[in-house]
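Trainee: Predicted model follows, preceded by the sequence.
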Amino acid sequence: MECDLLALPWNAGVSEANVMRGPHLHLRHHDYLTVLKGRVSVGLLDLRLDSSTYRRAALIELSDRELAAIMLPNGVLHGIYSHETTLLVYGLDRYYDPGEDLACRWDDPALGIPWPCAEPILSERDRNAGSLAEMEATLRGMKVEVA
């Protein structure tokens, strides 16, 4: 996918230690993520039906010690856990639409993500999110295929 990275809407955010954001699934936009200060674990679960990695989970680490960036494609569920106070910079390949953002509980065993935490701090939205099965049922009800 070609993308003019300079034309993206860019955002910066700080997460305190032991904060979990997500996991979330975007239906139409891709995220680009890097860490300028601190360390995070990014949990991933591929829910793209036509993907060779469909339903595979992974956990990767990003930190300021080894500068790297990742692209989170639409259809890949992702959550971000901050091990310490962290400065994240992220871009989107289109403007954010909250109507295309779905969430599920971070600790749902069906995710298969080996999170490095037991009791993270969650936003109200993430604390009240349903199961992965409920999120997937919502996705099917929307009749949207992520690709």
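Mentor: Structure's in. What do you need?

Trainee: what ranges do the helices span in this structure?
Mentor: Using DSSP state H, the helices of the chain run over 124-127, 132-141.

Trainee: Compile those into a markdown table and extend it with columns for mean pLDDT and distance to Asn18.
Mentor: No exception for glycine: its C-beta is placed from N, CA and C like everyone else's. What follows is these, written out as a markdown table (pLDDT from 0 to 100; distance: least, Cβ to Cβ, whole Å):
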| stretch | mean pLDDT | distance to Asn18 |
| --- | --- | --- |
| helix 124-127 | 96 | 13 |
| helix 132-141 | 91 | 22 |
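
Trainee: so which of these gets nearest Asn11?
Mentor: Nearest to Asn11, of all the helices of the chain, is helix 124-127, at 17.2 Å by Cβ to Cβ.

Trainee: Need the residues that contact the closest one.
Mentor: Residues outside helix 124-127 that contact it (Cβ atoms under 8 Å, 6 or more residues apart in numbering): 20-22, 103, 105-106.

Trainee: tell me the centre residue of the chain?
Mentor: His78 (2.5 Å; Cα atoms, centre = their mean).

Trainee: ok, it touching Leu44?
Mentor: Yes. Between His78 and Leu44 there is a contact under Cβ atoms under 8 Å: 5.3 Å.

Trainee: list residues touching both of those two?
Mentor: Leu72.

Trainee: Straight-line length of stretch 42-57, end to end?
Mentor: 11 Å (Cα to Cα, to the nearest Å).

Trainee: cool, stretch 128-136 as well?
Mentor: OK, stretch 128-136 end separation, Cα to Cα: 16 Å.
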